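Undergrad: got a predicted model here, sequence first, then my questions.
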Amino acid sequence: MRRASIVVLALLLLLPSFLQVLATTPTSPSFRLGNEVLLDRYRYLVEGKRVGLITNQSGVNRRGESLIDIFAADPGINLAALYGPEHGIDGKAAAGAYVESYIHPVLDIPVYSLYGATRKPTAAMLAGVDVLVFDVQDVGARTYTFISTMNYAMVAAKENGKPFIVLDRPNPLGGLVVEGPVLEEGYQTFVGVDILPMAHGMTVGELALYFNRLIGADLVVVRMQGYTRDMIYQDTGLEWVQTSPNIPNLASVFGYMATGLAQGTGVVQADRFTWVGGTGLKSAKFAALLNSASLPGVTFAPEDRGTMGGARLHITDYRSFNPARTGLYILFLARSQWKFPVPRSGATPATMVMFDKVMGTNKVGLWLEQDLPPGQVENRYQAGLNAFKKEREAYLLYGFSGKRPHPSLVIDGYNVYSDVPPFITHDRTLVPVRVIARQLGASVTWLETERAVLMEKDDVKVKIAIGSTTAYVNGIAHTLDVAPVIRDDRTMLPVRFVSEYLGAEVGWCPERFSVLISTAKGRAESTIPAHARDAKGGPTIDSLASSW
């Protein structure tokens, strides 16, 4: 990661002619898209100019009106050219299909394909425009090529001296799901254009700012109004517009990373990313394996499709569902039942297989061949993911509503979020075990039959059952003065016990009402929210400090 880029961005923000982020002060609590804010408040950016619009059928306002039609009908805006991403400007072409450029039959302007003879606008394509405007709905996945089109167009804008305006749109998964292996240097392709995890948790405007750390385009991002990071698409009040033939609805949007990223393995998706399976899987066993993983927000029903066994996803809670993490569990649990062939790249970029392009690394394939359990896989990519989370903070435009979630940890200066905050009971702080353990480099497994949590790190195994005050460390019994509990479907364990047996030191900071967890690699801080401090006869700050 490039730490210097944060300093560079801070300096660029002082140069409005080079980089601008147009904020909005909401005049009402209603949600408004960037294209609506542009026309209401920042018309001067496009008025009287020859506009090149990068869009497709998803580029509509909240009333479903196409920005193409709005620009074309506006006498103050000269819509000079259109540019279409993958699937074409109408979104009907199949995935990967070549799309031709043509002249619009009604508007009599060029419609340039950016998924045909070229994927980056050429100088000839830009010669007739004064400014490029991007208004396309993304789905929140690194592999979805609309964001690659934006990146390539920003590069072309820089090379040809054209301003670039991004009309911001919501990330349908919200701004909290940041998950999966981070793409490594050397693996940049059109299905992975920059150093991003599988799920980046950013809007297209935030991504544009992030991309621009390397591009240096004359960039303006027109922010949405009334948008917060914890909003998923359902919170916006917008109707979903099909972004591509296989993404007709929100079930497909959320299922995309869960079922569709296993190219070349034989593990395939169907029914627009709502079913996953393969010829070597037995449906009942596969669904049972997936359900035993207790993945939040989703259940799996066994379902055969011809000669293939598999499972149908039923998303029960769109807020807690993590598509990228679910997809990795699906892939590795399928491998535990069926030793499917793992695609292998050659030694040159030309021989890189699609599986590694999608994963952004060859390590996932190696982990599959090693038959690692999913929990260990999560641990393997956490360091890179945490580094990305820290770097991306410089490019985030939107805060939180204040309702959820809680920043359970502050690790080396950046937040790690959990939907269940830590709380205090009987003079002890209980924390969501998966959040803590993963940051300390341990794998976490839920043992359903024992209703216990198993944490493993190096040669240490810690097992604690819900409701029991006896914990086992490498088989030796230890007594806890507070039993672990389940709160809001999350296992909460005493932080001191968990952290110290996983190689950390724990202390109490009374000034900030927080727990400090220190390791050789860094320090984490977990703050207790006011509503989780036992005010009725519970411990005071002083008594807690003395109890640690």
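TA: Nice, thanks for sending it over.
Undergrad: doesn't residue 328 make contact with residue 377?
TA: Yes - judged on C-beta atoms under 8 Å, residue 377 makes contact with residue 328 at a distance of 6.1 Å. For the C-beta atoms, the positions are set from N, CA and C on the backbone; glycine is no exception.
Undergrad: which residues do those two both contact?
TA: With contacts taken as C-beta atoms under 8 Å, 6 or more residues apart in numbering, residue 377 and residue 328 have residue 364 as neighbours in common.
Undergrad: more neighbours, the two?
TA: More crowded of residue 377 and residue 328, by other C-beta atoms under 10 Å: residue 328, with 26 against 23.
Undergrad: just give the nearest non-adjacent residue to the residue nearest the centre of the chain, would you?
TA: Central residue of the chain (C-alpha atoms, centre = their mean): residue 199, 2.7 Å from the mean position. Leaving aside its chain neighbours, residue 199 sits nearest to residue 324 (4.0 Å; criterion: C-beta to C-beta, 6 or more residues apart in numbering).
Undergrad: thinking again about what came up before, the residue nearest to the centre of the chain pairs with what?
TA: Beta-bridge pairing for residue 199 (DSSP bridges): residue 141, residue 179.
Undergrad: which pLDDT value belongs to it?
TA: According to the prediction, residue 199 has pLDDT 98.
Undergrad: hmm, it is touching residue 141, no?
TA: Yes - judged on C-beta under 8 Å, residue 199 makes contact with residue 141 at a distance of 6.4 Å.
Undergrad: which residues do these two both contact?
TA: In contact with both residue 199 and residue 141: 257, 323-324, using C-beta under 8 Å, 6+ apart.
Undergrad: quick one: buried residues of the strand or helix carrying residue 385?
TA: Following DSSP states H and E, the helix or strand that holds residue 385 is helix 374-392. For helix 374-392, a neighbour-count test (16 or more other C-beta atoms under 10 Å) marks 374-375, 377-379, 381, 384-392 as buried.
Undergrad: circling back: so can I have JSON lines of the shared contacts of residue 199 and residue 141 showing distance to residue 464?
TA: Formatted as JSON lines, the shared contacts of residue 199 and residue 141 follow (distance: C-beta to C-beta, whole Å):
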{"residue": "257", "distance to residue 464": "32"}
{"residue": "323", "distance to residue 464": "29"}
{"residue": "324", "distance to residue 464": "28"}
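Undergrad: among these, who's most crowded?
TA: residue 323 (31 neighbours).
Undergrad: neighbours of residue 235, how many?
TA: Neighbours of residue 235 using other C-beta under 10 Å come to 17.
Undergrad: if you could redo that for residue 170, that was the one I meant.
TA: By the criterion of other C-beta under 10 Å, residue 170 has 25 neighbours.
Undergrad: list the contacts for it?
TA: So residue 170 contacts 203, 224, 227, 231, 233, 236, 238 (C-beta under 8 Å, 6+ apart).
Undergrad: try it again at 7 Å.
TA: Applying C-beta atoms under 7 Å, 6 or more residues apart in numbering, we find residue 170 in contact with 203, 224, 227, 231, 233, 236.
Undergrad: how close does it sit to residue 129?
TA: 27 Å (C-beta to C-beta, to the nearest Å).
Undergrad: just residue 294 next, same as before
TA: In terms of C-beta to C-beta, residue 294 sits 52 Å off from residue 129.
Undergrad: more crowded one of the two?
TA: The residue with more neighbours, out of residue 294 and residue 129, is residue 129; 23 against 12, by other C-beta under 10 Å.
Undergrad: residues touching the more buried one, list them.
TA: 50-52, 80-81, 162.
Undergrad: which one among the residues you listed gets closest to residue 337?
TA: Nearest to residue 337 among the contacts of residue 129 is residue 52, at 50.4 Å by C-beta to C-beta.
Undergrad: bridging residues for that closest one?
TA: Under the criterion used (DSSP bridges), residue 52 bridges to residue 81, residue 132.
Undergrad: with residue 423 instead?
TA: On the basis of DSSP bridges, residue 423 is bridged to residue 430.
Undergrad: I'd say it and residue 430 touch.
TA: Yes - contact criterion C-beta atoms under 7 Å: residue 423 and residue 430 qualify, at 5.8 Å.
Undergrad: neighbour count for these two, which is higher?
TA: residue 430 (24 against 19).
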